[in-house]
Every structure is written in C-alpha cells, then in structure tokens.
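Participant: using only what follows, build the 3D model:
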Amino acid sequence: MICNGLEQLVASPPGWMRGKRLGLLANQASTDRNFIHARDLIAASFPGQLRCLFSPQHGFFSEKQDNMVESGHVTDTITGLPIYSLYGETRKPYPEMFADIDILLIDLIDVGTRVYTFIWTVVYCMQVAADTGVRVVILDRPNPIGGNLVEGNLLEPEYSSFVGLCSIPMRHGMTIGELAIYCRRELHIEVDCEVITMAGWKRSMQFADTGFPWVFPSPNMPAASTALVYPGQVIWEGTSLSEGRGTTLPFEIFGAPYLDHQHVLDFLRADDCIGCRLRPLIFEPCSGKWAGHACTGFQIHVHQPELYNSYRTSLALLQACMLLYPVDFSYKEPPYEYEFERLPMDLILGSKAVRKALEEGTPVQELESEWSQELDEFHQKRSAVLLYGE
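Facilitator: Next comes the predicted model:
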C-alpha cells in the first residue's frame with residue numbers, strides 16, 4: 001500500500017520533532033486517504049505543538065478563483081490558530097510569521113506543472129526559513145501525472161515570475177518534495193530542509209494507480225484528468241480563448257466563438273495529438289471568458305497517458321488559432337499574477353522566443369528538437385534529487 005508523507009509522519013513521529021513549535025502550510029486537499037486533514041492529524045500526533053497555519057493561492061479551503069483573487073489572514077474555527085495567507089497582501093511570508101515556530105511542515109499537492117503556483121510559495125517559504133533559522137519539512141505526495149515524462153522548454157531567467165522562479169520545463173516529472181530540493185539547489189537557498197518520503201510510490205504511476213482519493217487543490221482542478229491536460233492547456237490563460245473556466249470541465253475543454261472545428265483539425269499534424277483524441281463540441285461558460293456565449297472548441301480525451309504530451313498538443317492548437325484566426329485571436333493583456341508589464345503568454349511559456357516561433361509557423365516538433373539539449377542537462381540535474389524509482 002502507498003502511504004503519503006503525511007501518513008508516514010503520523011505513523012512514525014520522528015524524535016527530533018518532540019517539543020518543537022510547528023507551523024503548517026496546507027489547504028483543503030492536505031488529507032490522508034480517509035479525508036482526515038493534516039491539521040487535525042498533526043495536532044493529535046503532536047499535542048500543543050501546532051502554533052499557526054499558512055495557506056497558498058486559492059485559500060485554505062481552495063475557495064478563491066484564479067489570477068490575483070486574494071485571500072486574507074483569518075482564524076481557523078477548528079483549532080483557533082491563525083491562518084496566514086500567502087496569496088494576499090504578500091506572497092512571501094513576513095519573517096515575523098515564523099517567529100513562533102521552529103519547524104514549518106508543508107503538505108501541498110503539486111500537479112506536475114511549472115506554472116502551478118504552490119511550489120513557488122514553497123520556495124518563498126524556504127527563503128524566509130533560511131533567513132530565520134526555521135527548519136522546513138516537506139510531507140511528500142504523488143505527482144498526479146506521473147514522475148517519468150518531462151516536456152517543454154526551460155524557463156528563461158528574464159521571464160521569472162510567480163508562475164516560475166526556477167529554470168525548469170513546463171512538465172517537470174518530480175514530486176513536490178523532489179522539486180523543493182531541486183529548487184533549493186538551483187536557487188542556492190541555504191535552508192535546513194527534509195522530505196518525509198512516501199512508501200510504495202513509483203514514478204510510472206498515474207494518480208488512479210495510487211489508491212488515494214482526489215481532493216481538488218484549487219477550484220479549477222476538479223479531477224486528476226484535469227491535471228493530466230494542464231501542462232499544455234494552461235497556456236489558454238494567456239489568450240482570448242476560454243480555457244473552460246466557468247464550466248464543469250476546466251482545461252479539458254477550450255474554445256471561442258470564432259473557431260471552426262474542421263479548420264483546426266486540418267491544421268494539425270499527425271504527431272500533434274498522440275495519446276489523446278480531440279472531440280469537437282460547443283460549450284457556453286457561465287463565468288469568465290465568453291460567459292453566456294456559445295464557444296466552438298474541443299474536449300481532450302486522453303486514452304494513452306504514457307504517450308500523451310500535453311504541452312506539444314496544446315502548443316500545436318495554439319499555433320492553429322494564431323495562424324487561422326489572426327483577426328479574432330488575441331493575447332491576454334497584463335496584469336497576470338502580479339506582473340503588470342510583461343505579456344502573460346511569455347510568462348506562461350517562460351520564453352518570448354517560443355511565442356515568436358509559433359507565430360512564424362515553426363512546427364512544434366522542430367521547437368522540441370531545439371529544446372533537447374537543455375532538457376538533457378535538466379535530466380542530469382534532476383537525477384540527483386529523485387527520491388523514487390520503479
């Protein structure tokens with residue numbers, strides 16, 4: 001049976017945590033397999049030691065929507081402890097927030113994609129912990145889209161933002177514990193950091209293989225199937241097309257009123273959609289982009305997740321929309337994740353050059369060949385932090 005880091009911690013509490021003052025960065029998805037929350041399990045396992053809670057983007061209960069929809073500091077009604085929001089007046093904790101703790105426990109679900117902001121909240125916490133002498137302990141969880149496949153260009157340093165603070169590809173193939181250690185090395189964060197590893201997890205596992213229930217970590221990540229398409233489908237956030245927000249299938253469906261199903265399908269190359277099928281549909285969002293308007297688009301059905309390259313597929317679809325509909329297609333203007341000048345699409349892609357190449361009609365597979373050397377270098381660095389095998 002697979003046990004996540006939280007379950008491992010409470011099953012065998014380490015002696016070095018005895019008597020230490022604890023903080024916990026978590027949200028509603030931070031549970032064991034029986035839906036018991038990390039806050040409750042830790043409070044029971046370490047009586048009187050839990051002093052405060054922290055929440056990432058979307059709030060402690062994952063109730064807030066996307067892109068600069070902030071949550072405030074509140075008091076937890078169950079424990080009476082303060083919950084400090086790290087997506088509100090600040091995204092980086094103030095040093096005084098760590099004044100009453102010796103150890104910061106982190107129990108968050110990462111969905112395997114660079115632009116998902118939880119890991120960058122972790123990085124900010126590690127930086128402040130290094131300055132304040134607080135120890136960081138990551139309670140590891142499965143990467144819901146597996147730990148083998150890596151794809152995409154590496155983030156270019158000049159496009160660093162809250163959707164990417166470290167030079168990694170869009171799909172990184174690491175658990176949140178591995179990724180935290182990787183970022184600590186690459187960003188030279190001198191923090192005392194430990195990972196409570198899982199038992200029984202293998203890199204080839206999809207989320208359905210783990211036996212864990214899916215608890216949505218953010219409002220528009222309702223299912224593991226959403227996470228599987230997200231490394232590519234998140235790019236629609238930087239465009240005028242709907243990424244499916246305001247529907248029951250965010251990121252799995254996308255479109256706009258001006259698309260034509262057959263025109264888009266005819267544009268694609270045979271290798272653009274390996275492992276998935278594009279099902280034409282029309283949908284009407286009830287909020288967000290094109291709310292109340294009928295959108296022509298597609299649903300992505302993944303039937304071979306081990307072969308499916310989400311970033312490749314979505315880049316090819318993005319290029320189709322750029323080139324087939326030059327009048328109607330447009331990019332989202334700033335602000336985006338607290339960046340008020342740079343184009344959101346460049347921040348999402350981690351590169352202006354990738355956007356320009358797509359606009360010029362460069363095939364996605366040609367771009368992938370250009371990324372191969374930097375991905376090889378990333379694989380070498382990544383291999384040094386991997387905690388799990390087959």
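
Participant: tell me the secondary structure at His263.
Facilitator: Taken by DSSP: H, G, I helix; E, B strand; the rest coil, the conformation at His263 corresponds to helix.

Participant: all strands of the stretch 1-150 of the chain, in order?
Facilitator: 22-26, 50-55, 74-75, 82-85, 103-107, 135-139 (DSSP state E, counting those that start in this stretch).

Participant: so for the fifth one, mean pLDDT?
Facilitator: When you say that, I think you mean strand 103-107. Averaged over strand 103-107, pLDDT sits at 98.

Participant: identify the residues contacting that strand?
Facilitator: Strand 103-107 is contacted by residues 5-6, 9, 17, 20-26, 30, 38, 42, 54, 98, 122, 125, 129, 134-139, 141, 176, 180 when judged by Cβ atoms under 8 Å, 6 or more residues apart in numbering. C-beta here means a position set from N, CA and C on the backbone, and glycine is covered the same way.

Participant: helices along the stretch 151-300 of the chain, start to end?
Facilitator: Along the stretch 151-300 of the chain, the segments classed as helices by DSSP state H, counting those that start in this stretch run 176-186, 224-233, 261-267.

Participant: okay, buried residues for stretch 223-230 please.
Facilitator: By neighbour count on 16 or more other Cβ atoms under 10 Å, the buried set for stretch 223-230 is Ala223, Ala224, Ser225, Thr226, Ala227, Leu228, Val229, Tyr230.

Participant: Val264 contacts Gln319, correct?
Facilitator: No - with contact defined as Cβ atoms under 8 Å, Val264 and Gln319 do not form a contacting pair (10.4 Å).

Participant: tell me the spacing between Gly390 and Lys92.
Facilitator: That one is not Gly; residue 390 is Glu. When Cβ to Cβ, to the nearest Å is the yardstick, Glu390 and Lys92 sit 37 Å from each other.

Participant: about what we covered before: out of the helices of the stretch 151-300 of the chain, which is closest to Lys289?
Facilitator: helix 224-233 (13.6 Å; Cβ to Cβ).

Participant: for the buried residues of stretch 223-230, which one is nearest Glu156?
Facilitator: Relative to Glu156, the closest of those is Tyr230; by Cβ to Cβ it sits at 21.2 Å.

Participant: you'd agree that closest one is up against Pro222?
Facilitator: No - the criterion here is Cβ under 8 Å, and Tyr230 misses it with Pro222 at 11.4 Å.

Participant: still on that earlier bit, the more surrounded of Glu390 and Lys92?
Facilitator: Summary of the neighbour comparison: Glu390 and Lys92, criterion other Cβ atoms under 10 Å, with Lys92 having more neighbours (15 against 8).

Participant: and the more buried one, what is it in contact with?
Facilitator: Per Cβ under 8 Å, 6+ apart, neighbours of Lys92: Leu86, Tyr124, Gln127, Val128.

Participant: ok, now with 10 Å
Facilitator: With contact taken as Cβ atoms under 10 Å, 6 or more residues apart in numbering, Lys92 is in contact with Leu86, Trp120, Thr121, Val123, Tyr124, Cys125, Gln127, Val128, Phe162.

Participant: and Asp209, by the same measure?
Facilitator: With contacts defined as Cβ under 10 Å, 6+ apart, Asp209 is in contact with Ile2, Pro142, Gly146, Trp201, Lys202.

Participant: same deal with Gly152?
Facilitator: By Cβ under 10 Å, 6+ apart, the contact list for Gly152 reads 113-114, 168-172, 231-232, 309-312, 315, 349-351, 354, 367-368, 371, 375, 378.

Participant: what does Leu386 give?
Facilitator: When contacts are taken as Cβ under 10 Å, 6+ apart, Leu386 is in contact with Gly147, Gly173, Met174, Thr175, Glu178, Ile181, Tyr182, Arg203.

Participant: could you measure from it over to Lys202?
Facilitator: Applying Cβ to Cβ, one obtains 12 Å for the distance of Leu386 from Lys202.

Participant: mutual contacts of the two, please.
Facilitator: Gly147.

Participant: tell me the pLDDT at the residue lying closest to Arg171 once chain neighbours are set aside?
Facilitator: Once flanking residues are discounted, Arg171 sits nearest to Pro231: 4.2 Å by Cβ to Cβ, 6 or more residues apart in numbering. In the prediction, the pLDDT value recorded for Pro231 is 98.

Participant: how about Glu390?
Facilitator: Here, the pLDDT recorded for Glu390 equals 83.

Participant: from what I see, it and Gly200 are in contact.
Facilitator: No - the pair Glu390 and Gly200 does not pass the contact test of Cβ atoms under 10 Å, sitting 11.9 Å apart.

Participant: quick one: the strand or helix carrying Thr313 to helix 224-233, angle?
Facilitator: Of the helices and strands defined by DSSP states H and E, Thr313 is found in helix 310-324. Here the directions of helix 310-324 and helix 224-233 differ by 50 degrees (axes from the mean of the first three to the mean of the last three Cα atoms, to 10 degrees).

Participant: from what I can see Ser45 touches Leu24, true?
Facilitator: No - counting by Cβ under 10 Å, no contact exists between Ser45 and Leu24, whose distance comes to 11.8 Å.

Participant: returning to what we had before: now do the shared contacts for Tyr230 and Pro222.
Facilitator: Here Tyr230 and Pro222 share the contacting residues Pro250, Phe251, Glu252, scored by Cβ under 10 Å, 6+ apart.

Participant: ok, so of the residues you listed, who is nearest Phe60?
Facilitator: Proximity of these to Phe60 (Cβ to Cβ) peaks at Pro250, which lies at 20.8 Å.

Participant: against Thr31, how distant is the closest one?
Facilitator: Where Thr31 is concerned, Pro250 sits at a distance of 22 Å (Cβ to Cβ).

Participant: please consider this matter closed, and thank you.
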